[in-house]
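**Q** need coordinates for the below:
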Amino acid sequence: MTAWVFVLLVFGLVIALSVFASRFLTKLRLPSIVLFIALGLLFGLLFRATPIGNFTDYGFGNVVSSIALLFIIFYGGYGTRFKEARPVLGKAIVLSSAGTLLTALILGSLVYVAYLVLPFGEVAFAPCLLLAAVMASTDAASVFDILRTRKLGLRENTASLLEMESGSNDPFAYVLTTLLVAIVAGAGGNPWSLTAEVAISFFCQIGIGVAGGALFGLLGIFLLRKFGFRLGQGAPILVLALAILSYVVPSLPPSPFTGNGYLSAYIAGILIGNAKLPEKKSSVLFMGSISDICQMVVFFLMGLLATPEHLFLPETIVVALIVFLLITFVARPLAVTLLLLPFKASKGQILLTSAAGLRGVASMVFAIFALTSVGEGALPFDIFSIVFLVMVFSLVLEGSALPALAKWFGMVDLTSDVMRTFNDYLEEEEVSFLRLSIGEKHPWNGKPLRECETPDGFLFLLVTRDGKSFVPDGSTVFQGGDVLIASGPSFEGSEAADVDEESIGLGSTLAGKKVRELGYPKGTILALIKRGGGVIVPNGHTVLQQGDVLVKMRVKEGEAVPEEETQKEEGGE
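**A** Prediction:
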């Protein structure tokens, strides 16, 4: 058996085992990611009986995991519904930037003090800070694996806060890691030269990263809007290419002028993912699948690279346990509290945000990057094994306790749907529309809308006539060749009509109003109201309530529905 066939065999077995075991892990209230780590450890032990031996190729692991992290971070932005995150945008930005830095500083200082007390010898401050920087970011995949499988809605837009923070803090942790790698690797050199290099690197990573993300994000929007419908199923492939380019191009300049490719990819993902684009849902699902596969690969690879004998050494497991306790109960809670208090965040939101700081993919990728950049044996501790154990402690202990903590802190919202924070949300909902063509012999041809007999709950939203679109009213007379859009199955929106949603939350001025009092602009109509797990087709007298989700349709007057939207005739001649 050739090597690549053996690799495919292992990969296929891992995915198959994971699918069948995921339901078992859900019952145990553990993130499914834990399974891939366990399988990696198992196969690592099995490999010892083969010519492969103890697999510790960190160079290979660095290349594979860095590529995988690119797609994970891009999807972190691409899959985020910015509309849901907008109310907590300020909090998320502060936590992902200043929060990451503050967590690293607090943890690094505490680890330095801990090494002064522990019997494993003193360690300089810079390596302690590097260890902390590697673990300063949180793992979005782990948190939302729990929230999605439990359908756990959270109050005060906390789900969106956690998603945006954990999706955007990886690039900032990467900046800290690369700067500290330069400091640790350059120890003993010219301090002034090193300081200048670190300063230049910092500004270039942020500046070029932001510029690259904006460039490829806007370029992607332009290309997908212009060619999206013509590309069809090729649109997701174009998004994949844009994700790669958004990372690679800013990373091309030599050090210290290299841009932060991860920051660029995240910003590009945010821009493209939140634009009104054709074939968008298929692209979101496609990129989501790519991200899921990348997570499987990374976690399995981490388990494969781990050496059990190293994990259970006192200088590894004791330090890992102390680091886990420090970051869980001191560093992150202190950083979150200091940064969220100025926003007047509730006690429950501060406590839950502090508890949701799970470590995952990014921490392991950065640990391998630091190890391969500084050199094996150059650090005074086994950074890979320590971070690996902290990640396992975090996923198993913090991850399993998160749903109970959310309830304990009073942050569970039974009327909220956590799926609304993701761009694939509409794919899982029952909101859709009916397309109906009026032929010359159709009984509605020549009749005004008010005289047409329709089933209860049937609502006309749009008429397309001679390539133009408009919103009908009771006096609108249907003509042969008209294409009608009404509430019902099959219509997903198009360039001529956008479907949008609005939640009526606590304190909303819309609660208690009648539909006729909404005063929507011309071309916008309230199509459906989702209430208490059901769907209501509203009329002018319908009274809105707190917790309602309003499904609105915005018609772009004068724009044609694309040809592929009107080809299927229903109710024609």
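
**Q** would you agree residue 56 is in contact with residue 308?
**A** No - the pair residue 56 and residue 308 does not pass the contact test of CB atoms under 8 Å, sitting 11.9 Å apart. Heads up, the C-betas are built off the backbone N, CA and C, glycines and all.

**Q** more crowded one of those two?
**A** residue 56 (16 against 11; other CB atoms under 10 Å).

**Q** gap between the lengthiest helix in the chain and the chain center?
**A** The residue-count maximum for a helix in the chain (DSSP state H) belongs to helix 191-231. From the chain centre to the centre of helix 191-231 is a distance of 19 Å (CA atoms, centre = their mean, to the nearest Å).

**Q** quick one: secondary structure of residue 472?
**A** What DSSP: H, G, I helix; E, B strand; the rest coil gives for residue 472 is coil.

**Q** who's in contact with it?
**A** By CB atoms under 8 Å, 6 or more residues apart in numbering, residue 472 lies in contact with 449, 460, 462-463, 484.

**Q** element containing the residue lying closest to residue 295 once chain neighbours are set aside, please.
**A** Nearest residue to residue 295, sequence neighbours excluded (CB to CB, 6 or more residues apart in numbering): residue 141, at 5.3 Å. Element membership of residue 141, judged by DSSP states H and E, is helix 140-150.

**Q** next SSE after that helix?
**A** With DSSP H and E, the next secondary element past helix 140-150 is helix 158-185.

**Q** which stretches of the stretch 51-200 of the chain have low pLDDT?
**A** 51-53, 149-151, 187-194 (pLDDT under 70).

**Q** show me the contacts for the nearest residue to residue 182 once chain neighbours are set aside.
**A** Spatial nearest neighbour of residue 182, excluding adjacent residues (CB to CB, 6+ apart): residue 198 at 5.8 Å. Contacts for residue 198 were tallied using CB under 8 Å, 6+ apart; they are 179, 182-183, 256.

**Q** at 7 Å instead, please
**A** Residue 198 makes contact with 179, 182-183, according to CB atoms under 7 Å, 6 or more residues apart in numbering.

**Q** swap in residue 130?
**A** 180-181, 184, 370.

**Q** same check on residue 70?
**A** Contacts of residue 70 (CB under 7 Å, 6+ apart): 243, 247, 262, 265.

**Q** just residue 501 next, same as before
**A** Contacts of residue 501 by CB under 7 Å, 6+ apart are 549-551.

**Q** 6 Å instead?
**A** Taking CB atoms under 6 Å, 6 or more residues apart in numbering as the criterion, residue 501 is in contact with 549, 551.

**Q** can you add distance to residue 289 and neighbour count and give the contacts of residue 198 back as a markdown table?
**A** Listed next are the contacts of residue 198 as a markdown table, based on distance: CB to CB, whole Å; neighbours: other CB atoms under 10 Å:
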| residue | distance to residue 289 | neighbour count |
| --- | --- | --- |
| 179 | 34 | 20 |
| 182 | 36 | 19 |
| 183 | 39 | 19 |
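
**Q** so which residue is dead centre in the protein?
**A** The structure's the chain has its C-alpha centroid closest to residue 76; by CA atoms, centre = their mean the separation is 3.0 Å.

**Q** for that one, give its distance to residue 96.
**A** 11 Å (CB to CB, to the nearest Å).

**Q** also residue 158?
**A** Counting by CB to CB, the gap from residue 158 to residue 96 is 15 Å.

**Q** those two: which is more packed in?
**A** Set residue 158 next to residue 96 and count neighbours by other CB under 10 Å: residue 158 wins out with 28 against 22.

**Q** I'd say the more buried one and residue 350 touch.
**A** No - assessed by CB atoms under 6 Å, residue 158 is found out of contact with residue 350, at 10.0 Å.

**Q** which residues are common contacts for those two?
**A** Contacts common to residue 158 and residue 350, judged by CB under 6 Å, 6+ apart, are absent.

**Q** for the stretch 201-350 of the chain, what spans make up the helices?
**A** 235-251, 261-273, 280-305, 308-311, 314-326, 332-340, 347-355 (DSSP state H, counting those that start in this stretch).

**Q** these: which one's closest to residue 112?
**A** Nearest to residue 112 among the helices of the stretch 201-350 of the chain is helix 314-326; the distance by CB to CB comes to 11.1 Å.

**Q** give me the nearest residue to residue 57, chain neighbours excluded.
**A** Residue 57's closest residue in space is residue 305 (CB to CB, 6+ apart), at 7.6 Å.

**Q** what about that neighbour, distance to residue 235?
**A** In terms of CB to CB, residue 305 sits 36 Å off from residue 235.

**Q** same check, this time on residue 181
**A** Residue 181 is 38 Å from residue 235, by CB to CB.

**Q** before we move on, the earlier item: now the element after the helix or strand harbouring the residue nearest to the centre of the chain, going C-ward?
**A** In this assignment (DSSP H and E), residue 76 forms part of helix 58-78. Toward the C-terminal end, the helix or strand that comes next after helix 58-78 (DSSP H and E) is helix 82-85.

**Q** what lies in contact with the helix or strand that that following helix is followed by?
**A** Moving toward the C-terminus from helix 82-85, the next helix or strand (DSSP H and E) is helix 89-94. Applying CB under 6 Å, 6+ apart, the contact partners of helix 89-94 are 161, 164-165, 339, 343.

**Q** just put the contacts of residue 198 in JSON lines and tack on distance to residue 376.
**A** Shown next, in JSON lines, are those (distance: CB to CB, whole Å):
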{"residue": "179", "distance to residue 376": "21"}
{"residue": "182", "distance to residue 376": "18"}
{"residue": "183", "distance to residue 376": "18"}
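
**Q** nearest to residue 222, of these?
**A** Closest to residue 222, out of all of the contacts of residue 198 and judged by CB to CB, is residue 179, at 34.3 Å.

**Q** and that closest one, how far from residue 249?
**A** Counting by CB to CB - residue 179 and residue 249 are separated by 21 Å.

**Q** repeat that for residue 369.
**A** 20 Å.

**Q** ok so, going back, the helix holding residue 141: how far from the chain's middle?
**A** Distance, centroid of helix 140-150 to centroid of chain: 10 Å (CA atoms, centre = their mean).

**Q** output stretch 363-381 as PDB - backbone C-alpha positions only.
**A** Written as PDB, here are the backbone C-alpha positions of stretch 363-381 (Å, rounded to 0.1, in the frame of the first residue of the first chain):
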ATOM      1  CA  SER A 363      -4.000  27.900  20.200                       C
ATOM      2  CA  MET A 364      -2.600  24.600  18.900                       C
ATOM      3  CA  VAL A 365      -1.700  26.100  15.500                       C
ATOM      4  CA  PHE A 366       0.100  29.000  17.100                       C
ATOM      5  CA  ALA A 367       1.900  26.600  19.500                       C
ATOM      6  CA  ILE A 368       3.300  24.600  16.500                       C
ATOM      7  CA  PHE A 369       4.200  27.800  14.700                       C
ATOM      8  CA  ALA A 370       6.100  29.000  17.800                       C
ATOM      9  CA  LEU A 371       7.800  25.600  18.200                       C
ATOM     10  CA  THR A 372       9.000  25.400  14.600                       C
ATOM     11  CA  SER A 373      10.000  29.100  14.500                       C
ATOM     12  CA  VAL A 374      12.000  29.200  17.700                       C
ATOM     13  CA  GLY A 375      13.300  25.600  17.300                       C
ATOM     14  CA  GLU A 376      12.700  22.400  19.200                       C
ATOM     15  CA  GLY A 377      14.500  22.600  22.500                       C
ATOM     16  CA  ALA A 378      15.000  26.300  22.400                       C
ATOM     17  CA  LEU A 379      12.100  27.000  24.800                       C
ATOM     18  CA  PRO A 380      12.500  26.100  28.500                       C
ATOM     19  CA  PHE A 381       9.300  24.000  28.400                       C
END
